[in-house]
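1. the sequence and its predicted three-dimensional model are supplied below.
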Amino acid sequence: METAMQRPPVARTLGLTKSFAAREAITGVDLSIPPGVAFGLLGPNGAGKTTLIRCLLGLLRPTSGSVELMGHCMPQENAAALARVGAVVEEPRFYDHLSGRDNLRVVAALLDESAPQRIPSVLERVGLTDRALDRVGSYSLGMKQRLGIARCLLNDPLLLVLDEPMNGLDPAGIQEFRILVRRLVGEGRSVLISSHLLDEIEKTCDVVGIIDRGRLVRQSTLRELRHTSQNQVRVGCDDAAAARKVMQQLSWVSAIGADDSGQLIVTLAADATAASLNRALVSAGVGVSLLQAAEVTLEERFLDLTTRLQSSEVRA
Ligand code: ATP
């Protein structure tokens, strides 16, 4: 079966470079956003995320390289490319004195004939039906973000581009946002999200691109990114000290570490298996409650790949 990664990308850049005066904000970026995924664009402050997004949307003209959006060259074929793209690049702005529904009516009137009919379903999808008749001035930030997404959904986009959409949201707002993104991806759309919030990207996205000092240093699925090339297993047991003693005697255990929660991270020789480790521990009387392939977290990988990170930028 054809997978999303094999179908033509909804957005692609080749050698994309954008300079402001003498300074290159992004350099030689080759990015590819597959259809039907949540794509997390990660990077420290000033890494070039917004510049990249603006080039993708035709809001900035690249200094060199190319951008293809929905199969169309940008910015030359702007109108055709953007017909099925929705974007919230800055904090969404509305007419505060109008209701959420009337704000959508204003926009829908400028789109195709069927756009006004989509207003009720769009409001429903972002969870704003109950508040649709209230003035936008009375909305919380999270509600405004969702109304911004509702506005994008009026043209039934195949790609949504959201620059820092979780900034300023409280935990409940972030959770609602995550559910909404997964629902949109479930409908076959792609959602590009730029963010500093590694934990949220890890929970929300399927694919990530990591940008550092204007260069795309990695693009891959989260699964590939978390995978460690070493033969490592995570071990949970009832007596970590006893388990360590047993494992220190095993010639095929090459290292024993632990994570923050006290679970052991055990590196095995290439030909050793988790099953052998389980047998050795159990036969020595250690109760094993967990045995799984160890993976690195997105944060660990991000810290490996980026160079000028400050902790405040990651956990913002
Ligand atoms: P943040 O997470 O802080 O929003 P970012 O990853 O989105 O950062 P950009 O806003 O794309 O980064 O900025 C990348 C670099 O380009 C920075 O050095 C920035 O100062 C520079 N830059 C961006 N826009 C302009 C502009 N209009 N004129 C001059 N320099 C710019």
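-> Thanks, I have it.

2. doesn't T267 belong to a strand?
-> Yes. T267 sits within a strand when classified using DSSP: H, G, I helix; E, B strand; the rest coil.

3. which SSE is L160 in?
-> strand 159-163 (DSSP states H and E).

4. anything in that strand near the ligand?
-> No. On the criterion C-beta under 6 Å from any ligand atom, strand 159-163 is out of touch with the ligand, staying 7.5 Å away. Placement of C-beta: from N, CA and C, glycine included.

5. what's the angle between the very next helix or strand once past that strand and strand 159-163?
-> Downstream of strand 159-163, the first helix or strand assigned by DSSP H and E is helix 171-186. Angular relation of helix 171-186 and strand 159-163 on a 0 to 180 degree scale: 160 degrees, by axes from the mean of the first three to the mean of the last three C-alpha atoms, to 10 degrees.

6. count of neighbours near T17?
-> 17 (other C-beta atoms under 10 Å).

7. tell me who's in contact with the residue nearest the centre of the chain.
-> Most central in the chain under C-alpha atoms, centre = their mean is G40, positioned 2.3 Å from the mean C-alpha point. G40 makes contact with I193, S194, S195, I201, T204, C205, V207, V208, G209, according to C-beta atoms under 8 Å, 6 or more residues apart in numbering.

8. and the gap between the last one and L222?
-> So that's G209. Separation of G209 from L222 (C-beta to C-beta, to the nearest Å) stands at 11 Å.

9. other SSEs contacting the strand holding L160?
-> When contacts are defined as 3 or more C-beta pairs under 8 Å, 6 or more residues apart in numbering; DSSP states H and E, strand 159-163 sits against helix 49-56, strand 85-88, helix 141-153, strand 190-195.

10. sheet partners, orientation included, of it?
-> strand 85-88 (parallel), strand 190-195 (parallel) (DSSP bridges).

11. re earlier: compare G209 and L222 (neighbour count), which wins?
-> Ranked by neighbour count (other C-beta under 10 Å), G209 and L222 place G209 first, with 23 against 20.

12. list the buried residues of the helix or strand hosting that one.
-> Here G209, judged by DSSP H and E, is contained in strand 207-212. Residues of strand 207-212 classed as buried: V207, V208, G209, I210, I211, D212 (neighbour count, 16 or more other C-beta atoms under 10 Å).

13. follow-up on the earlier one: which residues does the residue nearest to the centre of the chain bridge with?
-> So, taking DSSP bridges as the rule, G40 has I193, V208 as bridge partners.

14. residue numbering should commence at 36 henceforth.
-> In the new numbering, first residue 36, that becomes G75.

15. quick check: the gap between it and the ligand.
-> From G75 over to the ligand the distance is 13 Å, taken as C-beta to the nearest ligand atom, to the nearest Å.

16. list the contacts of the helix or strand hosting S311.
-> If you go by DSSP H and E, S311 is part of helix 309-318. Helix 309-318 is contacted from outside by 268, 270, 272, 278, 281-282, 285, 287-288, 301, 303, 323, 326-328, using C-beta under 8 Å, 6+ apart.

17. and stretch 184-193, by the same measure?
-> 45, 70, 105, 118-123, 127, 135, 138-139, 142-143, 146-147, 150, 153-154, 157-158, 160-161, 163, 195, 197, 200, 215, 219, 223-225.

18. emit the PyMOL select command for whichever of those residues are buried.
-> What follows is the PyMOL syntax selecting those of the contacts of stretch 184-193 that are buried according to 16+ other C-beta under 10 Å:
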select buried, resi 45+70+105+120+121+122+123+127+135+138+139+142+143+150+153+154+157+158+160+161+163+195+197+200+215+219+224+225
